[in-house]
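Undergrad: Next comes the sequence, and after it the predicted model I'd like to discuss.
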Amino acid sequence: MNYDLKEVCKDIRCDTVACIGHLGVGHIGGCLSVVEALAVLYFKEMNIDPKRPQMAGRDRFICSKGHAGPAVYATLANRGYFDKKELLTLNQGGTNLPSHCDMNRTVGIDMTTGSLGQGFSCAVGVALGSKLEKDGATIYTLIGDGESQEGQIWEAAMFAAAKKLDNLIAFTDYNKLQIDGTVAEVNDVAPLAEKWAAFGWNVIEVEDGNDVEQVEKAVEHAKLGRDSGKPTMIILNTVKGCGVQWIVDLGAGNHNSKVSEEQAAAAIREIRGED
Ligand SMILES: Cc1ncc(C[n+]2csc(CCOP(=O)(O)OP(=O)(O)O)c2C)c(N)n1
Ligand SMILES: [Mg+2]
């Protein structure tokens with residue numbers, strides 16, 4: 001089935017904002033910056049079946065920046081893994097949707113994440129396992145730019161290249177912001193492309209990681225590297241909070257922000273282009 005990915009992105013954004021607005025607080029900025037990557041993976045590229053979430057040999061997505069859980073849940077619900085009504089239980093007692101991804105709680109989540117750096121190592125391990133099993137899967141993972149200050153990221157990066165894991169395609173959400181300020185002022189990770197290349201990875205830079213067509217092209221390009229003997233890093237230049245201007249304008253203040261039901265409703269109108 002061919003999906004209209006721009007519409008899919010709007011749906012994911014709206015549902016993310018709605019569930020965080022219902023809860024009253026959440027990692028809204030870092031959720032909204034990764035929507036295009038999620039849409040391209042779950043609605044175009046990944047070999048998955050929402051009716052068989054544990055299907056052998058399926059492609060995997062491991063959201064190492066586990067605080068983007070709400071955006072992943074909105075994606076899974078829109079893709080048919082579970083009822084969209086469940087989204088409004090986000091991070092409340094008894095929910096299947098905790099603020100950070102949990103593979104033991106949520107249908108469709110392939111790895112428990114949230115401790116920055118660890119999900120990426122897990123993705124490398126899953127990619128190695130898939131190679132050994134020869135199941136033909138592609139393993140996708142997503143890290144934050146602040147997260148890439150973690151030493152564990154570079155240990156895993158080195159290992160993935162040493163083991164020639166060309167079935168691993170990673171994204172960096174290069175939104176230039178982290179919890180306490182800009183990445184540049186906290187502990188600059190630039191030049192990112194050169195670093196990944198030096199660690200033995202194919203590197204693809206996407207000028208606008210919130211342009212779904214550019215992300216589609218990058219993933220297509222990355223898949224050509226399937227037999228290159230190297231893992232691939234796609235660096236997405238994104239905007240933290242993309243889609244809702246007042247959230248973007250909060251800058252680093254949009255990391256874990258209060259969002260009221262009224263603000264969420266207005267944000268949804270903005271995303272839908274109704275204002
Ligand atoms: C090991 C670890 N240290 C600290 C945190 C707290 N924390 C959660 S998100 C975050 C900022 C991450 O920044 P970035 O990777 O740029 O993600 P973004 O906020 O842009 O989505 C921090 C410090 C954590 N989850 N894990
Ligand atoms: Mg960031």
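TA: Perfect, I can see it now. Residues are numbered from 1 along each chain as shown. Ligands and ions are numbered 1, 2, ... in the order given.
Undergrad: List the buried residues in the helix ranked longest in the chain.
TA: In the chain, assigned by DSSP state H, the helix with the most residues is helix 5-23. Buried residues in helix 5-23, counted by 16 or more other C-beta atoms under 10 Å: 5, 8-23. For every residue, glycine as well, the C-beta is placed using N, CA and C.
Undergrad: now do stretch 124-133
TA: Neighbour-count burial for stretch 124-133 [16+ other C-beta under 10 Å]: 124, 125, 126, 127, 128, 130, 131.
Undergrad: And stretch 100-118, by the same measure?
TA: Under 16+ other C-beta under 10 Å, the buried positions of stretch 100-118 are 100-102, 106, 108-114, 116-118.
Undergrad: Please apply the same query to stretch 220-229.
TA: Buried residues in stretch 220-229, counted by 16+ other C-beta under 10 Å: 222, 225.
Undergrad: and the end-to-end length of that stretch?
TA: Using C-alpha to C-alpha, to the nearest Å, the end-to-end distance of stretch 220-229 comes to 17 Å.
Undergrad: ok now that stretch, how far from the chain's centre?
TA: Chain-centre distance of stretch 220-229: 20 Å, with C-alpha atoms, centre = their mean, to the nearest Å.
Undergrad: same question, stretch 85-103
TA: In terms of C-alpha atoms, centre = their mean, the centre of stretch 85-103 is found 17 Å from the chain centre.
Undergrad: Would you mark the buried spots in it?
TA: 86, 87, 89, 90, 91, 95, 97, 98, 99, 100, 101, 102.
Undergrad: Between the residues you listed, which sits nearest ligand 2?
TA: residue 100 (15.5 Å; C-beta to the ion).
Undergrad: From what I see, the closest one and residue 70 are in contact.
TA: No. If you go by C-beta atoms under 8 Å, residue 100 and residue 70 don't touch, sitting 9.6 Å apart.
Undergrad: so what's whichever residue of the stretch 51-200 of the chain sits closest to ligand 1 closest to, chain neighbours aside?
TA: Residue nearest to ligand 1 within the stretch 51-200 of the chain (C-beta to the nearest ligand atom): residue 144, separated by 2.0 Å. Excluding the flanking residues, the one nearest residue 144 by C-beta to C-beta, 6 or more residues apart in numbering is residue 65, at 4.1 Å.
Undergrad: and the one you found, what does it touch?
TA: Going by C-beta atoms under 8 Å, 6 or more residues apart in numbering, residue 65 touches 30, 34, 113, 116, 119, 142, 143, 144, 147, 173.
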